[in-house]
Every structure is written in structure tokens, then in C-alpha cells.
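A.B. asks: sequence and predicted structure, then a few things I'm wondering about:
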Amino acid sequence: MADEIYEPDPLMIEQSLAGWVMTKCEDWRDYFESNYEERFDEYYRLWRGQWDPADSQRASERSRIIAPALQQAVESNVAELEEATFGRGKWFDISDDVGDGQRQDILYLRKKLSEDFESCKVRKAVAECLINAAVFGTGIGEVVIEEIKEMAPATEPIMGGDLQAVGVNIKDRVVVKLKPVLPQNFLIDPVATSIEEAYGVAIDEFVSKHTVEILQEQGSYNEGYIESAAADTDLEPDQDLTIYNDDKVRITKYYGLVPKELLEAEGVEVEEDSKYVEAVVVIANGGMLLKATKNPYMMSDRPVVAFPWDVVPGRFWGRGVCEKGYNSQKALDTELRARIDALSLTIHPMIAIDATRLPRGAKPEVRPGKIILTNGDPREVLQPFNFGQVGQITFAQAASLQQMVQQATGAVDSAGIAGQVNGESTAAGISMSLGAIIKRHKRTLINFQQSFLLPFVTKAAHRYMQFDPDEYPVSDYKFVATSTLGIIAREYEVTQLVQLLQTMKQDSPLYPVLIQSIIDNMNLSNREDLIATMQQASQPNPQAQQMAMVAQQSQLELQQSQTNALNGQAAESQARAAKISVEAQIAPQKLEIERIEAVTRNLQAGDADDKEFERRLKVADRLLKEREVEGKTKNVNDTNRNQQPVEPDQRSLQGPDRPVARPESPIGNIGEQIG
């Protein structure tokens with residue numbers, strides 16, 4: 001299938017794997033040298049403060065001073081990212097599955113990785129990669145696997161346990177290290193924008209000869225005699241130093257795709273059907289093949305990580321701090337050098353002399369105690385001469401140029417940015433300025449975490465799982481960065497928290513939380529102890545908590561008893577109201593019964609008695625209606641009087657002048673009156 005898609009490459013006819021790899025690397029180096037090498041060398045000199053004739057802006061320039069503005073910018077930005085990454089101690093974490101209730105494996109892996117990273121000095125290597133990124137625009141690191149002998153002091157009983165032998169326990173194990181790579185030692189496919197999508201990458205550098213020979217003894221490299229490499233200044237870290245040419249070998253390590261047939265020609269078994277195979281190739285001195293194998297890592301990833309300080313769209317090489325402040329730095333250097341050159345003409349004394357009136361062989365030097373012989377009046381032969389004074393405006397220009405460097409790079413030092421950060425502005429202006437600076441640092445920090453830090457931790461964990469499964473259990477873990485804020489951002493956040501703290505009382509539940517946040521953001525040596533003490537103090541005393549629970553239970557019982565008493569009183573009131581309501585409903589019926597009884601009293605059978613009954617009934621109805629009308633009139637006139645159930649009155653039925661008879665039955669009076 002591959003033969004039907006790809007055409008034969010004429011360059012691979014009778015070509016070895018080493019020759020094919022070196023051809024690729026040479027083409028990539030030509031591209032790098034044509035576009036980046038000269039600029040990177042100048043960035044390196046500006047950062048180191050090294051003068052070069054090519055850095056002069058004027059032909060008459062004599063001063064060689066280099067202002068430290070760009071150096072300060074690089075160190076400030078790198079220190080901010082280092083503090084944000086490693087300032088809290090724990091700089092990475094492992095996320096667990098939601099359904100996994102056991103976190104022992106997570107805690108063990110994180111602790112084990114942290115210990116191994118500490119012993120392998122990974123933090124130092126990461127800091128060097130950050131410096132390379134700030135100076136050159138891109139930080140590059142190689143994930144290296146080494147087999148070491150781990151030694152620890154130990155004792156062993158001898159002579160049946162009577163004596164103790166003191167010695168060393170030696171344990172062979174595999175460790176993973178991070179090796180920083182300079183840009184001139186790194187080669188990549190020119191059209192690629194990342195390590196993963198490139199055709200391949202190569203690390204071309206000088207190493208000590210004995211390291212290669214040791215690897216040959218261990219069987220990692222092919223056997224063969226290796227000579228010392230020829231000198232090449234392009235690969236040296238510092239080209240201004242005298243080059244040492246003895247006992248060093250030029251090693252080219254290639255990680256990427258290679259043609260399948262070339263790899264098989266070196267005796268490597270390949271099972272893939274594709275034309276290209278992911279492989280690792282190591283070549284010494286540009287021609288000797290030391291190692292050729294299929295990618296040995298279980299994830300088939302390339303052991304190189306890289307990140308740009310600032311992304312340049314469509315390019316692998318990024319934009320660093322030196323490139324940002326390059327123009328401002330060059331203008332500042334030119335201004336300072338011009339001022340120093342002008343000072344040499346205005347400060348040092350000069351004399352205009354009539355050469356025809358000097359004695360033969362005279363040396364007209366100007367120094368204390370010097371006697372100059374003249375033929376004639378010295379005032380006519382000698383005259384002081386100067387070029388005037390240096391303008392004071394150069395001081396303001398130099399300060400403005402230095403401010404431009406800080407604005408271009410986002411660096412803030414003790415001087416700050418005039419009028420914005422150093423106290424010459426209001427609190428709101430300082431807050432806005434620091435906010436803009438922190439955003440730039442945060443942007444670079446996120447880029448560093450996602451492109452460099454987390455990929456390295458993931459690759460290192462996979463290497464440990466593959467080559468040291470006894471210490472590292474194999475599982476699919478997700479790594480996350482715990483980098484938070486740099487020192488500037490933390491100080492800014494502390495200021496905001498203090499301002500918020502002043503707006504609330506000490507008994508507020510948020511008060512201890514804010515205090516803990518302030519301590520957590522401060523750069524204190526005993527920060528963890530203070531936080532632990534605060535958390536312990538916030539926990540309640542068991543005895544006090546028990547007493548509070550007893551008091552609370554007593555209070556609840558008291559409230560329950562009061563509630564029960566009130567409920568009883570309410571029930572009694574309701575019963576009384578129900579009784580009154582029933583009596584009120586029965587009263588009209590009782591009144592009607594008594595009225596009928598009074599009307600029908602002393603009646604006999606016959607029509608006369610029936611008529612008499614009807615007459616009495618009408619009289620009783622009339623009297624009752626008059627009683628109701630009188631009751632309604634009284635209720636209207638006296639609104640403050642409580643309404644009472646309407647009861648028949650003896651006097652209203654009998655009249656005012658009649659004596660009252662049988663008061664126990666007011667209805668009976670009606671019968672007597674009618675009869």
C-alpha cells in the first residue's frame with residue numbers, strides 16, 4: 001500500500017541511515033543560521049552585557065557601555081515565572097476520577113515524583129529553560145533517561161549478630177532528568193510549529209568523550225572507535241571563550257520519522273506497513289551510527305518539550321523578552337555611549353598651541369606640575385580649548401528610553417514605571433498598571449504550563465511507569481499544574497484582601513477566611529505553620545462543644561415546654577369558644593319553645609280557645625319584634641358596649657307600671673299578660 005502512494009526518493013538510493021539523517025539536519029541548520037543565528041547571538045550579548053563591534057550604531061562611537069535595562073527585564077520576568085511555579089513548594093498535582101473514592105495511589109505517585117524530581121534537580125533545569133525562553137524566545141528541554149546506582153548507608157549484622165558491619169547498599173534504578181537545550185543545538189523541521197507535528201527534531205551538541213564510551217560499554221551504543229570532534233563555534237554555548245577541542249564528541253540525536261527501508265537496512269525489525277517509522281537515531285561526529293531503533297517509549301512520544309515565551313503565529317521560534325526590548329535597548333545604549341563620548345571631549349582639558357613657538361622636542365602634555373617651555377609669551381602660545389558642555393536633556397532622554405524598555409518587556413523593578421507604579425500616581429492608577437503587568441505574566445505562565453511543564457511531567461511519569469513499574473504503578477493519570485501567582489501578583493492580591501478586610505468586623509464568618517488568604521499569599525518562611533495554627537484554633541474544644549450541646553438541649557426543652565403550655569391555653573380557649581357558640585345556637589330554639597309554652601298555657605278545646613291562641617301568638621310576636629328593635633338601637637348608640645345574646649326582658653313585656661310576676665320565666669309573663 002505504501003509503495004502505491006509514495007514515489008521512490010532518488011536521494012535515498014544507496015544512502016545510509018546516518019547519511020539521510022545528517023542531510024536533513026544540515027538543511028535545517030542552514031535555515032536556522034540564515035534566519036535566526038545572528039539575532040540570537042546579539043540577544044545573548046545584550047543579556048550578558050558583552051560588547052561587540054557589530055553592536056555599534058555610529059562609526060565614531062568609542063564607548064562600549066551596555067545599559068542593564070534589558071538584563072533586568074529578563075531576570076525580572078524569569079524570577080516572576082519561577083516564583084509563580086515553585087513558590088508554593090508543590091508545583092504539580094494529579095487529578096483523580098470522580099467515582100474513585102481512594103486517593104492513596106494519587107498521593108503516593110505525587111510524593112514519589114516530587115522526590116525523584118528533587119533528587120534529579122528538575123527545578124534547576126526548568127529555571128534554565130525559562131532563561132533561554134526569555135533571551136531567545138523559546139525554551140527547549142530534552143527528557144533524558146539514565147540508569148544510576150542509588151547508594152545509601154546501612155549496617156549488617158555479622159559474627160552471629162555480635163558485630164555490626166557498616167557499609168553501603170547499592171540499588172540500580174532508572175531516573176528521568178530534564179536537560180536544557182540551547183537554540184543553536186536544536187534543529188527542527190522549518191515548516192513545523194510544534195514538536196509533535198514536525199517531521200523530526202534533532203539535538204546537535206558536543207559531549208564528553210568518556211560519556212559515549214561508558215554507554216558503549218553498557219550496550220546502549222554500538223561499539224567502535226570514536227575520535228575527537230572537529231571544532232565548530234556555532235555549537236558552543238559562549239563563542240567568546242577559547243574553544244577546547246580535546247576529548248569531546250559531536251553527538252546528533254534525531255527523534256522523528258525515518259524511511260522504513262533505511263531502518264530495516266540497519267537490522268531493525270519493523271512491523272508497520274507505513275513508509276515512515278517513528279525512530280531514535282544517534283550519530284557521532286556526523287557519520288558514525290551509534291544507535292538506531294524504533295521509538296522505544298510506550299506512548300511513542302518524542303522526548304523533547306519546548307514552549308515559546310510569546311507565540312509568533314505560524315512559527316516554532318517564539319518572541320522573547322530580549323526581542324521585545326531590543327530597539328529600546330539599542331537606543332538607550334546609543335544615548336549613553338554618545339553622552340560618554342561627549343564627556344571625554346568636555347571634561348578632559350585640552351590646549352591649543354602655536355607649534356612654531358615651541359622648543360624642538362617639547363611634549364605638550366597636560367598634567368599636574370607639568371612645565372611647558374614656549375618661545376614667547378605663554379598666553380600667546382598656549383590657550384585652553386574645549387567643546388562646550390554636554391546638554392542636560394540627555395538625562396531625561398536616557399530615563400525615557402529605560403522606561404520604554406520596561407514598557408516593552410513588562411518588567412517592574414524597585415524603580416518601577418515612573419508615574420504609574422512607583423507611588424507618583426493614585427491607588428487606582430497603581431492598581432490599573434499592576435493589573436496590566438500581571439495579565440502579561442499570567443499569559444506567559446499559562447503558555448509555559450500547557451506547552452512545557454505539564455508535558456514534561458506527563459512524559460516523565462510514563463518513563464517511570466515503563467522502566468520502573470515496581471515503584472510506579474501503571475495507570476492513566478491526569479496531571480495539572482498548581483502554579484498560581486508570581487510575587488508581584490501575590491503582593492497585589494494581598495493589598496486587595498487587606499482593603500476588603502477593613503470593611504468587615506472581626507466577628508464576621510469571612511474574617512478568618514480572609515486572614516488565612518492573606519497569610520497564604522505572603523512570602524513567609526513559616527507560612528504553613530501559621531495556617532495550620534489558625535486552622536487548629538478555629539476547631540472547637542470538645543468539652544466546650546459538649547457543654548454547648550447540653551445548654552442547647554436545655555434551651556430546646558424549655559422552649560418545648562413553653563410551647564406545650566401555650567398550646568394547652570389555646571386549646572382551652574378554643575373549647576370555650578366552641579361552648580359559647582353552641583349555647584348561642586341553642587338559645588333561639590329554647591326561646592321559641594318557651595314562647596309556645598307561654599302562649600298555649602290555660603287554653604281549652606274549642607274555637608274560642610283557638611282564636612285566643614292565635615291572638616296571643618300575634619301579641620307575643622309583636623312584643624318580640626319590639627324587643628329586637630330596641631336591642632339594635634342600643635347597640636348602635638353604644639359602640640363600646642359588647643354585644644350580648646338577645647334575651648327576653650320582663651319589663652318590656654309587662655310594661656313599666658306592672659309588678660313583675662314569676663321572674664324565673666320571662667316567657668310566662670307574656671302568657672299572663674295575654675290572658
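C.D. replies: Looks like it came in fine. Numbering: from 1, shown residues only.

A.B. asks: ok, then the element right after the longest strand seen in the chain?
C.D. replies: The residue-count maximum for a strand in the chain (DSSP state E) belongs to strand 138-158. Per DSSP states H and E, the first helix or strand lying C-terminal to strand 138-158 is strand 163-181.

A.B. asks: immediately after that next one, which helix or strand?
C.D. replies: That would be, after strand 163-181 and using DSSP H and E, strand 186-188.

A.B. asks: just to revisit the earlier point, flag every buried residue along the longest strand of the chain.
C.D. replies: 138, 139, 140, 141, 142, 143, 145 (16 or more other C-beta atoms under 10 Å). Heads up, the C-betas are built off the backbone N, CA and C, glycines and all.

A.B. asks: can you give me the helices for the stretch 401-550 of the chain?
C.D. replies: 427-448, 454-467, 487-501, 511-521, 527-538, 542-599 (DSSP state H, counting those that start in this stretch).

A.B. asks: and the longest strand of the chain, average pLDDT?
C.D. replies: On average, the pLDDT along strand 138-158 is 89.

A.B. asks: ok, that strand: who's next to it in the sheet?
C.D. replies: strand 163-181 (antiparallel), strand 304-308 (antiparallel) (DSSP bridges).

A.B. asks: select from those strands the stretch with the lowest mean pLDDT.
C.D. replies: Among the strands paired with strand 138-158, strand 163-181 scores lowest, with a mean of 89.

A.B. asks: give me the angle between it and helix 454-467.
C.D. replies: Put simply, strand 163-181 runs at 140 degrees to helix 454-467, going by axes from the mean of the first three to the mean of the last three C-alpha atoms, to 10 degrees.

A.B. asks: tell me the helices and strands packed up against the stretch of helix or strand residue 123 belongs to.
C.D. replies: In this structure, residue 123 is located in helix 122-136 according to DSSP H and E. If you count contacts as 3 or more C-beta pairs under 8 Å, 6 or more residues apart in numbering; DSSP states H and E, helix 122-136 packs onto helix 38-48, helix 69-86, strand 138-158, strand 163-181, helix 321-324.

A.B. asks: before we move on, the earlier item: as TSV, the buried residues of strand 138-158 with distance to residue 190 would be great.
C.D. replies: Listed next are these as TSV, based on distance: C-beta to C-beta, whole Å:
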residue	distance to residue 190
138	14
139	19
140	16
141	21
142	20
143	23
145	29
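
A.B. asks: any idea which of these is closest to residue 317?
C.D. replies: Of all the buried residues of strand 138-158, residue 317 sits closest to residue 138, with 5.2 Å by C-beta to C-beta.

A.B. asks: can you tell me which helix or strand of the chain has the lowest average pLDDT?
C.D. replies: Lowest mean confidence among the helices and strands of the chain (mean pLDDT, DSSP states H and E): helix 650-654, at a mean of 39.

A.B. asks: quick one: terminal-to-terminal distance for stretch 55-66?
C.D. replies: For stretch 55-66, the first-to-last residue distance is 10 Å (C-alpha to C-alpha, to the nearest Å).

A.B. asks: in that stretch, which residues are buried?
C.D. replies: Applying 16+ other C-beta under 10 Å to stretch 55-66 flags 55, 56, 61, 63, 66 as buried.

A.B. asks: centre of the chain versus that stretch, how much separation?
C.D. replies: From the chain centre to the centre of stretch 55-66 is a distance of 44 Å (C-alpha atoms, centre = their mean, to the nearest Å).

A.B. asks: which residues touch it?
C.D. replies: Contact with stretch 55-66 is made by 42, 45-46, 49-51, 330, 333-334, 336-338, 340-341, 344, as judged by C-beta atoms under 8 Å, 6 or more residues apart in numbering.

A.B. asks: tell me which entries of the residues you listed lie within strands.
C.D. replies: Nothing among the contacts of stretch 55-66 maps onto strands, per DSSP E.

A.B. asks: let me know which of the helices and strands packed on helix 122-136 is tucked in deepest.
C.D. replies: Ranked by average neighbour count under the criterion mean count of other C-beta atoms under 10 Å, the helices and strands packed on helix 122-136 are headed by helix 321-324 at a mean of 26.

A.B. asks: can you give the distance of that one from its chain's centre?
C.D. replies: That offset, for helix 321-324, works out to 24 Å (C-alpha atoms, centre = their mean).

A.B. asks: name the helices or strands packed onto it?
C.D. replies: Checking 3+ C-beta pairs under 8 Å, 6+ apart, helix 321-324 ends up next to helix 38-48, helix 69-86, helix 122-136, helix 393-409.

A.B. asks: the same query, at a cut-off of 7 Å, please.
C.D. replies: helix 38-48, helix 69-86, helix 393-409 (3 or more C-beta pairs under 7 Å, 6 or more residues apart in numbering; DSSP states H and E).

A.B. asks: residue 389 is nearest to which of the helices of the stretch 401-550 of the chain?
C.D. replies: Among the helices of the stretch 401-550 of the chain, helix 427-448 sits nearest to residue 389 (C-beta to C-beta), with 36.5 Å.

A.B. asks: what's the average pLDDT for that closest one?
C.D. replies: 67.

A.B. asks: report the buried residues of stretch 370-382.
C.D. replies: In stretch 370-382, counting by 16+ other C-beta under 10 Å, buried: 372, 374, 381, 382.

A.B. asks: keep only those of those residues that are in helices.
C.D. replies: If you go by DSSP state H, these have residue 381 in helices.

A.B. asks: just flag the most distant two among the buried residues of stretch 370-382.
C.D. replies: Greatest spatial distance among the buried residues of stretch 370-382 (C-beta to C-beta): 372 and 381, at 8.5 Å.

A.B. asks: returning to that earlier point: out of the strands paired with strand 138-158, which is closest to residue 511?
C.D. replies: Closest approach to residue 511 among the strands paired with strand 138-158 (C-beta to C-beta): strand 304-308, 41.1 Å.

A.B. asks: just the CA trace of the closest one, in PDB.
C.D. replies: This file holds the C-alpha atoms of strand 304-308, laid out as PDB (Å, rounded to 0.1, in the frame of the first residue of the first chain):
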ATOM      1  CA  VAL A 304      11.600  16.800  23.800                       C
ATOM      2  CA  VAL A 305       9.500  19.600  25.200                       C
ATOM      3  CA  ALA A 306       9.500  23.200  24.100                       C
ATOM      4  CA  PHE A 307       7.500  26.400  24.600                       C
ATOM      5  CA  PRO A 308       7.600  29.900  23.200                       C
END
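
A.B. asks: pLDDT, secondary structure and distance to residue 225 added to the buried residues of stretch 55-66, as a markdown table?
C.D. replies: Below are the buried residues of stretch 55-66 laid out as a markdown table (pLDDT from 0 to 100; DSSP: H, G, I helix; E, B strand; the rest coil; distance: C-beta to C-beta, whole Å):
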| residue | pLDDT | secondary structure | distance to residue 225 |
| --- | --- | --- | --- |
| 55 | 84 | helix | 44 |
| 56 | 85 | coil | 48 |
| 61 | 85 | coil | 52 |
| 63 | 88 | coil | 52 |
| 66 | 89 | coil | 46 |
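
A.B. asks: which among those gets closest to residue 115?
C.D. replies: residue 66 (42.4 Å).

A.B. asks: so residue 282 is in which element?
C.D. replies: strand 276-284.

A.B. asks: can you confirm residue 93 is in a helix?
C.D. replies: No: Residue 93 is assigned strand when assessed by DSSP: H, G, I helix; E, B strand; the rest coil, not a helix.

A.B. asks: correct me, but it touches residue 480?
C.D. replies: Yes: between residue 93 and residue 480 there is a contact at 5.2 Å, judged by C-beta atoms under 7 Å.
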